[in-house]
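Asks: Below: sequence and its predicted model.
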Amino acid sequence: MRDVAIVSFAQAKNVRRELDANEVEMVMPVVREAVEQSGIPRREIDFTCSGSCDYLAGQPFSFVSALDAVGAWPPISESHVEMDGAWALYEAWVKIQIGDIDSALIYAFGKASMGDLPDVLTLQLDPYYMAPLSPDSVSLAALQARAYLETSGHSERDLAVIAARSRKDAKTNPAAQLTGDFDPERLLGDPYLVSPLRKHDCPPISDGAAAIVLAAGDLARKVSKRPAWIRGIDHRIEAHGLGNRDLAKSLSTAEAGRRAGVGDGNVDVAELHAPFTHQELILRDALGLANDVRVNPSGGPLAGNPMMVAGLARFGEAARLLMDGQASRAVAHATSGPCLQQNMVAVLEGE
Amino acid sequence: MSESTKPVTAIKAPVHLEFSYTAGRASTRFLHGMAEGKILGQRCPECGKVYVPPRGSCTICAVPTEAEVEVTGKGTVTTFCIVRIPSDSLSIDPPFTCAHILLDGADLPFFALIQECPFDEVRMGMRVEAVWVPKEELGPTFESIKYFRPIDEPDAAFESYKEHL
């Protein structure tokens, strides 16, 4: 295996509704920042890969117009995944492993505010039996939360504590959308949104963009004092039909975590793509994280959840802690699909 | 074959989504210009190319384009075709002429209709001008320009537009 590291990360501030900038104008500043931070001249980056979703943009091939943000003339080597940018990072990592390239720019963007996000997310469901019933994303998460709370012994109070901690930690994250000091007991006084979930158990709807630069071996060492090395990475998917899965567990996360080597050493910090409070607990269980592992010091998706971006941002936030020397070994996780259907886990280490 | 063994060959699964498109900063400036009968582009601070319509970025230098440049409605046909395929989504009946037009002072040709010109007289290098809708009908839309028509000027030399085909 070739050594591959994250050498830079940038992200736009998560906002509920970006009215001024279109996607290109959102992506361009973060791409520039990530490329500048990387120390690799733009034209020397071997490969560009992005993650976004046409259903969010409401237009086919919307990612093609986003290329205006990266300078695709003269022509560049480029690819795109209709997924969270974390999967674009995975594609670039594989390409580096094959040995074709030594560096890659990964970016992701999502402007959920242009449409009605719960309606859009319904279209990712099985089109024959589920989508026609239009179950929205919050209701599906609530089915999972009920299954988890009943089988795990955790309480709604445990969920409120996660929401309060996330928003508090997010106060130091300039990109976060939802921050502040909240008392879990008071949060529990709020009405249910979809029982057993209250508003604080759900992520905000966000517009955002993020970018990461990957570099292999010597190049990473040359451009970065403290690259965030990807020591293991894997992703697994579960059945499309929600009834075929045990919603209270995340077997795909457990398997990806095992293959990525999460349990092979001490974990200082984990950035988990858990848009709903109960999903953080499911992921903790699946990854076998010890109780003292700090989760989502950035505030996580509960403080800002731009679709197609929030997973890549977990990789960026985890890498940043390593590059800053605040942690030595971190877990980064990204999810896709309803109720944690597909999961990617990586182990990152500082120098 | 009984009802219960007949294959189900189709189901209906109608999808309806509504989106509020965000034009973006550069296009917003351009569209406001259209409402005033002006054509506004933007110049790249690095390579100097002028983009009309502006896209907010230079696709070559990957930098934001912020300097605004007003160009006139005069330009050159860089390439063209004559469309004979009918389509319900068109507001015009075929045959009609489509062209790439490079406005004077711009570095990016755009797609537009050519009218008031017989088909056998349309040519590369032909000089044209924008025909606007009446003043009271101007709006923040590209449709404020109805089409382009030939003007009485000598054809542009191929050298002057060969980079913009």
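Replies: Perfect, I can see it now.

Asks: make it CA atoms for all contacts and neighbour counts henceforth
Replies: OK.

Asks: what residues are up against the most centrally placed residue in chain A?
Replies: In chain A, the centroid-proximal residue (C-alpha atoms, centre = their mean) is residue A:311; its distance is 1.0 Å. Residue A:311 sits next to A:84-86, A:273, A:333-335 when contact means C-alpha atoms under 8 Å, 6 or more residues apart in numbering or on different chains.

Asks: run the last query once more with 10 Å
Replies: A:83-87, A:108, A:210, A:271-275, A:300-301, A:305, A:317, A:332-336, A:343-344 (C-alpha atoms under 10 Å, 6 or more residues apart in numbering or on different chains).

Asks: For it, which non-adjacent residue is spatially closest?
Replies: Leaving aside its sequence neighbours, residue A:311 sits nearest to residue A:334 (C-alpha to C-alpha, 6 or more residues apart in numbering or on different chains; 4.2 Å).

Asks: ok, the closest residue to chain B within the stretch 251-351 of chain A - contacts?
Replies: Residue of the stretch 251-351 of chain A nearest chain B, by C-alpha to the nearest C-alpha: residue A:307 (15.7 Å). By C-alpha under 10 Å, 6+ apart, the residues touching residue A:307 are A:51-53, A:56, A:83-85, A:108-112, A:117, A:205-209, A:301, A:336.

Asks: can you list the weak-confidence ranges in chain A?
Replies: Residue ranges of chain A with pLDDT under 70: none are present.

Asks: just the strands in it please.
Replies: A:4-11, A:47-51, A:78-81, A:103-111, A:192-194, A:197-198, A:207-216, A:228-237, A:269-271, A:294-295, A:329-336, A:342-349 (DSSP state E).

Asks: Using a markdown table, please lay out those strands together with mean neighbour count.
Replies: Listed next are these as a markdown table, based on neighbours: other C-alpha atoms under 10 Å in any protein chain shown:
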| stretch | mean neighbour count |
| --- | --- |
| strand A:4-11 | 27 |
| strand A:47-51 | 25 |
| strand A:78-81 | 18 |
| strand A:103-111 | 30 |
| strand A:192-194 | 14 |
| strand A:197-198 | 22 |
| strand A:207-216 | 30 |
| strand A:228-237 | 22 |
| strand A:269-271 | 26 |
| strand A:294-295 | 18 |
| strand A:329-336 | 27 |
| strand A:342-349 | 28 |
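
Asks: can you put the ones you listed in TSV and add distance to residue A:130?
Replies: Shown next, in TSV, are the strands of chain A (distance: least, C-alpha to C-alpha, whole Å):
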stretch	distance to residue A:130
strand A:4-11	34
strand A:47-51	26
strand A:78-81	24
strand A:103-111	25
strand A:192-194	18
strand A:197-198	21
strand A:207-216	27
strand A:228-237	19
strand A:269-271	31
strand A:294-295	33
strand A:329-336	18
strand A:342-349	18
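
Asks: For residue B:12, find the nearest of those strands.
Replies: strand A:329-336 (26.7 Å; C-alpha to C-alpha).

Asks: count of neighbours near residue B:134?
Replies: Counted with other C-alpha atoms under 10 Å in any protein chain shown, residues neighbouring residue B:134 total 11.

Asks: and the residue nearest to residue A:154 when sequence neighbours are not counted, how many neighbours does it have?
Replies: Nearest non-adjacent residue to residue A:154, counting by C-alpha to C-alpha, 6+ apart: residue A:148, 7.9 Å away. Residue A:148 sits with 21 neighbouring residues when counted by other C-alpha under 10 Å.

Asks: hey, where'd the helices end up in chain B?
Replies: For chain B, the helices defined by DSSP state H cover B:25-35, B:158-161.

Asks: The longest one packs against which elements?
Replies: Judged by 3 or more C-alpha pairs under 10 Å, 6 or more residues apart in numbering or on different chains; DSSP states H and E, the packing partners of helix B:25-35 are strand B:39-43, strand B:67-71.

Asks: please redo it, this time with the cut-off set to 7 Å
Replies: Contact analysis of helix B:25-35 by 3 or more C-alpha pairs under 7 Å, 6 or more residues apart in numbering or on different chains; DSSP states H and E lists strand B:39-43 as its packing neighbours.

Asks: Please could you give me each C-alpha atom of the strand it packs on, formatted as CSV?
Replies: Only the C-alpha atoms of strand B:39-43 are listed here, as CSV (Å, rounded to 0.1, in the frame of the first residue of the first chain):
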residue,chain,number,x,y,z
ILE,B,39,-24.7,43.6,-21.9
LEU,B,40,-22.4,43.2,-18.9
GLY,B,41,-19.4,40.9,-18.9
GLN,B,42,-16.5,40.3,-16.5
ARG,B,43,-12.8,40.4,-17.0
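
Asks: Paired strands for it, with orientation please.
Replies: According to DSSP bridges, strand B:39-43 forms sheet pairs with strand B:50-51 (antiparallel), strand B:67-71 (antiparallel).

Asks: quick one on the thing from earlier: the residue of the stretch 251-351 of chain A closest to chain B and residue A:167, how far apart?
Replies: Applying C-alpha to C-alpha, to the nearest Å, the value for residue A:307 to residue A:167 is 19 Å.

Asks: And for residue B:75?
Replies: Taking C-alpha to C-alpha, one finds residue B:75 at 55 Å from residue A:167.

Asks: With adjacent residues omitted, what lies nearest to the closest residue to chain B within the stretch 151-300 of chain A?
Replies: Going by C-alpha to the nearest C-alpha, chain B is nearest to residue A:207 of the stretch 151-300 of chain A, at 12.1 Å. Nearest-residue entry for residue A:207: residue A:111, 4.4 Å, with adjacent residues in sequence omitted and distances by C-alpha to C-alpha, 6+ apart.

Asks: separation between the one you found and residue A:208?
Replies: On the measure of C-alpha to C-alpha, residue A:111 and residue A:208 end up 6 Å apart.

Asks: now swap in residue B:71 and tell me
Replies: Taking C-alpha to C-alpha as the measure, residue B:71 falls 34 Å from residue A:208.

Asks: Residue A:329 is in contact with residue A:351, isn't it?
Replies: No - using C-alpha atoms under 7 Å, residue A:329 is not in contact with residue A:351, being 9.7 Å away.

Asks: residues in contact with the closest residue to residue A:165 other than its chain neighbours?
Replies: Nearest non-adjacent residue to residue A:165, counting by C-alpha to C-alpha, 6+ apart: residue A:299, 7.7 Å away. Going by C-alpha atoms under 7 Å, 6 or more residues apart in numbering or on different chains, residue A:299 touches A:166-167, A:169-170.

Asks: which residues in chain B form strands?
Replies: B:39-43, B:50-51, B:57-58, B:63-64, B:67-71, B:74-83, B:96-103, B:110-114, B:127-132, B:145-150.

Asks: middle-most residue in chain B, spatially?
Replies: residue B:111 (3.7 Å).

Asks: Got the phi and psi for the closest residue to residue A:84 other than its chain neighbours?
Replies: Of all residues not flanking residue A:84 in the chain, residue A:308 sits nearest, at 3.6 Å (C-alpha to C-alpha, 6+ apart). Here is the backbone geometry of residue A:308 (degrees, to the nearest 10): phi 70, psi -10.

Asks: Can you give me the neighbour number for residue A:129?
Replies: Neighbours of residue A:129 under the rule other C-alpha under 10 Å: 11.

Asks: again with the one 4 residues further on
Replies: Look at residue A:133: counted by other C-alpha under 10 Å, it has 10 neighbours.

Asks: For it, which residues are in contact?
Replies: Taking C-alpha under 7 Å, 6+ apart as the definition, residue A:133 has no contacts.

Asks: ditto for residue A:271
Replies: Going by C-alpha under 7 Å, 6+ apart, residue A:271 touches A:295-296, A:300, A:314, A:318, A:331-333.

Asks: biggest separation within those residues, which pair?
Replies: A:300 and A:331 (13.1 Å).

Asks: how close does residue A:334 sit to residue A:280?
Replies: Note on residue A:334: its distance to residue A:280, by C-alpha to C-alpha, is 12 Å.

Asks: No further queries at this time; thank you.
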